[in-house]
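K.L.:
Please find the sequence and the predicted model below.
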Amino acid sequence: MTVEPSVQVSQDSAPPPPSKTRGLRIAADRVLRVRELSVLVVDIVLIIYFGVANPAFFTLSNIQNISDFFSAAALIAVGEVYLLVCGEIDLSAGMTFALVPVAMVTLNNDGIQLWLALIIGLAVAAVIGLFNGLVTQYLNLPSFITTLGTLYLLHGVALTLAGSTPLPAPQDGIIASIFGVWKWSELTWTVIILLVMQVVLTQTRWGTHTIATGANMIGASEAGIRVRRIKIRAFVLTAVLSGLAGILDGTNIAKSFDPNAGGNTLMFTAIASAVIGGTALLGGSGTVIGAALGALLLAVLQDGFNIQGISATTFVIVEGIAILLAMTLNVYFTRFRARAKVG
């Protein structure tokens with residue numbers, strides 16, 4: 001029997017340790033894969049710029065203004081993220097924002113206790129979302145068309161209930177104690193809901209099924225996911241959050257509920273926040289935290305332009321540029337992440 005000589009593996013033949021340059025490149029790749037990075041950087045730059053340009057920017061009263069601009073749009077954007085991720089959209093969210101508090105106050109004026117009127121108001125929002133979802137999923141109408149029609153319908157109902165005039169918001173009782181106990185109430189509620197819904201989207205079956213539905217609806221359906229139910233649930237979520245945002249906003253800021261409040265401006269701001277924050281319009285990917293950062297970007301821009309005396313027209317132009325730029329960056333980073341996974 002012949003004994004083969006043992007082969008000594010020299011220390012020189014061992015794989016070399018990763019170089020510092022390669023380690024930095026890997027770290028940079030990981031950072032670039034963070035979906036919210038680009039909008040976060042822009043937020044920081046804008047805050048620094050406006051803070052340096054005008055010392056009034058960092059005053060407490062101005063920070064309150066920014067939170068007022070931010071909260072309602074961010075809250076509605078949460079629901080829009082869920083809808084956009086699964087390939088749908090809700091154009092009626094701004095009018096749900098206006099109708100729900102008007103309905104609540106109208107019921108209270110008719111003798112229904114305020115706490116019950118609040119529950120009924122949010123139930124009305126859920127019914128609106130359910131209607132939008134059922135029509136789109138079972139009558140096969142595009143959500144753009146369905147919710148556009150709902151937008152005008154809800155506006156007419158809100159104007160009729162309110163008599164085309166703002167209704168005073170309750171300043172005592174359950175509404176004030178829960179939603180308006182202090183001036184930061186709306187922001188506090190918004191941040192809590194943002195964090196909860198981010199966890200739901202990223203850490204639960206609901207969130208996984210929502211993303212899968214938008215990424216490949218046929219594949220998700222064949223895998224046993226009830227895609228219609230997922231989409232209807234997203235419509236209901238968006239409507240309820242829009243109604244809640246209307247109650248919070250009117251109670252804390254305007255001290256009244258205007259049937260013309262919200263509308264197209266707030267709805268498009270919420271959708272723009274989601275898109276700027278990294279949510280794909282074609283579905284399959286999105287992030288609640290990114291939408292919040294997108295809403296903060298628009299709030300900082302609007303407030304910074306106000307204190308600088310720049311016209312509202314310029315803000316609209318910049319908002320359009322921001323959306324186009326965000327969509328371009330989203331496409332680039334999506335391709336980058338896909339290449340990184342392949343590699």
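P.N.:
Everything's here; your move.
K.L.:
neighbours around Cys153, how many?
P.N.:
Slight slip there: residue 153 is Leu, not Cys. By the criterion of other Cβ atoms under 10 Å, Leu153 has 15 neighbours. In this view, the C-beta of every residue, glycine as well, is placed from N, C-alpha and C.
K.L.:
give me the element it is part of.
P.N.:
In the assignment (DSSP states H and E), Leu153 maps to helix 143-162.
K.L.:
just Asn140 next, same as before
P.N.:
Following DSSP H and E, one finds Asn140 outside all helices and strands.
K.L.:
For the stretch 101-250 of the chain, which segments count as strands?
P.N.:
167-168 (DSSP state E, counting those that start in this stretch).
K.L.:
which stretches of it have low pLDDT?
P.N.:
180-181 (pLDDT under 70).
K.L.:
Show me what the helix holding Leu153 is in contact with.
P.N.:
For helix 143-162, contacts defined as Cβ atoms under 8 Å, 6 or more residues apart in numbering pick out 83, 88-96, 98-99, 102-103, 106, 128, 131-132, 135-136, 235, 257-260, 263-264, 267.
K.L.:
Can you select the buried ones from those in PyMOL?
P.N.:
Of those, the buried ones can be selected in PyMOL as follows, counting by 16 or more other Cβ atoms under 10 Å:
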select buried, resi 83+88+89+90+91+92+93+94+95+96+98+99+102+103+106+128+131+132+135+136+235+257+258+259+263+267
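K.L.:
Inside helices: which ones of the contacts of helix 143-162?
P.N.:
Among the contacts of helix 143-162, the ones falling in helices (DSSP state H) are 83, 93-96, 98-99, 102-103, 106, 128, 131-132, 135-136, 235, 263-264, 267.
K.L.:
Determine the number of other residues adjacent to the nearest residue to Phe58 once chain neighbours are set aside.
P.N.:
Closest residue in space to Phe58, ignoring its immediate chain neighbours: Gly51 at 5.3 Å, by Cβ to Cβ, 6 or more residues apart in numbering. Neighbours of Gly51 under the rule other Cβ under 10 Å: 15.
K.L.:
surely Gly51 meets Phe57?
P.N.:
Yes: taking Cβ atoms under 8 Å as the definition, Gly51 is a contact partner of Phe57 at 4.8 Å.
K.L.:
Distance check, the residue nearest to Phe58 against Leu296.
P.N.:
14 Å (Cβ to Cβ, to the nearest Å).
K.L.:
now swap in Ala212 and tell me
P.N.:
Taken as Cβ to Cβ, the span from Ala212 to Leu296 is 29 Å.
K.L.:
more crowded one of those two?
P.N.:
The neighbour count for Ala212 versus Leu296, taken as other Cβ under 10 Å, is higher for Leu296 (25 against 20).
K.L.:
mind listing what the more buried one touches?
P.N.:
Counting by Cβ under 8 Å, 6+ apart, Leu296 touches 43, 66, 70, 74.
K.L.:
On the three-state scheme, it is what?
P.N.:
What DSSP: H, G, I helix; E, B strand; the rest coil gives for Leu296 is helix.
K.L.:
Need the pLDDT of it.
P.N.:
Note for Leu296: predicted pLDDT of 95.
K.L.:
same question, Ser10
P.N.:
Reported pLDDT for Ser10: 47.
K.L.:
ditto for Pro15
P.N.:
55.
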